[in-house]
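>>> Provide a 3D model corresponding to the input given below.
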Amino acid sequence: MRMPLLQIESLAAGYGKSEVLDDVSLALSSGTLAYVLGAGGAGKTTLLMTIAGLLRPKRGAIRLDGEDIRRKRPSELLARGIAYVPHNRLLFSSLSVRDNLLAGVWRETDRPRIEADAARLAQRLPFLKTYERQSACRLTNGERQLLAIARALMSRPRLLLLDDPFDALAPAETKRVAGFGAELAAEGTAVVIAQRTASTDASPTEQAYLLDGGRLSRSAALGASAAPGRSSSL
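Take a look at the predicted model:
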């Protein structure tokens, strides 16, 4: 049996003495698109930040390709293939679209590789080229989210963590971002989308988990019954 790309066992994490996550377990293979659903404050951000190394777990195990990564720094995990796109996207509004795109690999020295990857992303997301010299603040909310994802893709991740990527997006923008995530998963990247509710375009075959009370449970409710902006039946 093939080893999962990411394996989490009995994870507990939080802030200070407060535990937000309690006994969370999860296994993801390459090419998986998984939704982690839950109300505000359920611990979705805490889970993604802990996987990305921004929070140190209190208990439990986190393994990438079977390797224990609990004590790895965020920069080490990025080099191992884990990229995290936060809820606020952390774009530099005063910088150009191109500068924001390259901010994710500013330490890289292989310029031909960087330029080739930027060109491939511009083919998939043409606005990256059209507006490359314009400030990122001039983009739509959907384009800003896609720019944040593209910046993360410049590090060639195997596991992409997206925190609340549909927030403040129009329905058409949500569909575009959700579709891009599905494309990346189909190409072999494991994609985790933490969101209050799933996209209406989510396939029933995609994995969905409900995070509630600090614990994670598997759910089969995806698709139109869990659309952004509505209460979820999960």
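>>> name the helices or strands packed onto the longest helix anywhere in the chain?
Longest helix in the chain, counting residues (DSSP state H): helix 171-186. Under the contact criterion of 3 or more Cβ pairs under 8 Å, 6 or more residues apart in numbering; DSSP states H and E, helix 171-186 touches strand 33-37, helix 141-153, strand 159-163, strand 190-195. Placement of C-beta: from N, CA and C, glycine included.
>>> can you list these in a markdown table and add mean pLDDT, distance to residue 16 and mean neighbour count?
Below are those laid out as a markdown table (pLDDT from 0 to 100; distance: least, Cβ to Cβ, whole Å; neighbours: other Cβ atoms under 10 Å):
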| stretch | mean pLDDT | distance to residue 16 | mean neighbour count |
| --- | --- | --- | --- |
| strand 33-37 | 94 | 23 | 24 |
| helix 141-153 | 96 | 28 | 22 |
| strand 159-163 | 97 | 21 | 24 |
| strand 190-195 | 95 | 22 | 25 |
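>>> tell me which of these sits nearest to residue 211.
Comparing those against residue 211 with Cβ to Cβ, the closest turns out to be strand 33-37 (5.7 Å).
>>> remind me what the helix or strand bottoming out on mean pLDDT in the chain packs against, helices and strands.
None of the helices or strands of the chain scores lower by mean pLDDT, DSSP states H and E than strand 215-219, at a mean of 84. When contacts are defined as 3+ Cβ pairs under 8 Å, 6+ apart, strand 215-219 packs onto strand 18-28, strand 207-212.
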